[in-house]
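Visitor: can you look at this prediction? I've put the sequence above it.
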Amino acid sequence: MRAHGGKGRIMSRVPGWLDRLGAGISKAGARLEERRAEAERAAEADLPLAPQPVP
């Protein structure tokens, strides 16, 4: 019987897996921020710069 219950290889992979997961989440967050900024710029471009006179 193994001293660590046979979990050695699996448990040794967990830190790398968590690092990759964290990196993926960081990249997704960065892409989301870029999309939000683009949406804000697009929304601002559609707004008139000065109030339009009412006829």
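Guide: Arrived safely.
Visitor: secondary structure element for the most centrally placed residue in the chain?
Guide: Among the residues of the chain, the smallest C-alpha distance to the mean C-alpha position (CA atoms, centre = their mean) belongs to G29, namely 1.7 Å. G29 is located in helix 8-46, with elements delineated by DSSP states H and E.
Visitor: quick one: mean pLDDT over that helix.
Guide: For helix 8-46, the mean per-residue pLDDT is 88.
Visitor: that helix: how far from the chain's middle?
Guide: Helix 8-46 has its C-alpha centroid displaced from the chain centroid by 3 Å (CA atoms, centre = their mean, to the nearest Å).
Visitor: about what we covered before: how much space between the residue nearest to the centre of the chain and R13?
Guide: With the distance defined as CB to CB, to the nearest Å, G29 ends up 24 Å from R13. (C-beta placed from N, C-alpha, C; glycine too.)
Visitor: then A45?
Guide: Taking CB to CB as the criterion, A45 is separated from R13 by 48 Å.
Visitor: R20 now?
Guide: Between R20 and R13 the computed distance is 10 Å (CB to CB).
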